[in-house]
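Asks: Build me a model from this:
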Amino acid sequence: MQSAAKSGHGRMRGHQRAHQDPAAINHTFHEVVTADSSASKELLTLQNRSLNPGTYATHLEHWLIHYQARQLHIVDGTLLRSNPVLVLDGIQRFLGVTPIFNYTQALVFDELKGFWCQRLEAGRPKCLGKSKGRKYPEMAPETRAFLTDFYREHNLELLRLLNRLGLALPSWLREEVQSSSWS
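Replies: Predicted coordinates:
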């Protein structure tokens with residue numbers, strides 16, 4: 001999980017633009033996320049595809065209809081990016097994998113891509129494709145403010161749900177709780 005207000009804006013547009021989505025090509029990210037109900041069907045579809053994934057509590061509630069909380073393992077996207085070995089070790093422990101695979105030697109940080117990649121036997125990295133690892137411009141302050149407001153109630157729902165289930169909060173949510181007045 002990662003705060004939608006902190007990530008994804010450039011990736012969403014980059015992905016949609018790469019697939020020649022007219023709404024992504026013809027509109028800024030701010031226009032996409034702030035579109036009102038009078039916008040075109042294509043723009044509203046892209047808006048939904050952009051905003052809906054960040055409503056984590058809603059998605060988790062759907063999973064909890066079919067699975068008990070102890071059967072779910074939530075991965076902190078921020079931690080996965082910064083320390084994939086720790087996260088992968090946690091996943092293996094959760095799944096009961098034995099013997100535990102040591103990812104320390106299997107992964108290498110690729111400075112050019114800015115991602116952890118598989119280390120091949122020859123020591124060189126096998127990393128993401130050419131279209132992955134792009135650098136994106138900073139999000140406009142007014143867009144960040146809109147997204148922060150849009151996700152506030154969703155993030156409160158997530159906070160309550162994770163606390164009720166006794167599950168750890170992802171780092172981005174802990175930071176948001178500590179830096180805001182909505183806790």
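Asks: where are the low-confidence patches of this protein?
Replies: Low-confidence segments of the chain, defined by pLDDT under 70, are located at 1-20, 131-134, 181-183.
Asks: One more pass at 50, please.
Replies: Residue ranges of the chain with pLDDT under 50: 6, 8-9, 13, 15-19.
Asks: which residues in it form strands?
Replies: Defined through DSSP state E, the strands belonging to the chain, from first to last, are 107-110, 115-119, 125-126.
Asks: Output the contacting helices and strands for the first one.
Replies: To tie it back to what came earlier, the one meant is strand 107-110. strand 115-119 (3 or more Cβ pairs under 8 Å, 6 or more residues apart in numbering; DSSP states H and E). Yep, even glycine has a C-beta here, placed from its N, CA and C like the rest.
Asks: ok, now the shortest one?
Replies: Of the remaining helices and strands, those touching strand 125-126 by 3+ Cβ pairs under 8 Å, 6+ apart are strand 115-119.
Asks: could you say what helices and strands the strand it packs on packs with?
Replies: Counting contacts by 3+ Cβ pairs under 8 Å, 6+ apart, strand 115-119 is packed against strand 107-110, strand 125-126.
Asks: Which residues does it contact?
Replies: By Cβ atoms under 8 Å, 6 or more residues apart in numbering, the surrounding residues in contact with strand 115-119 are 81, 84, 105-110, 125-128, 132-133.
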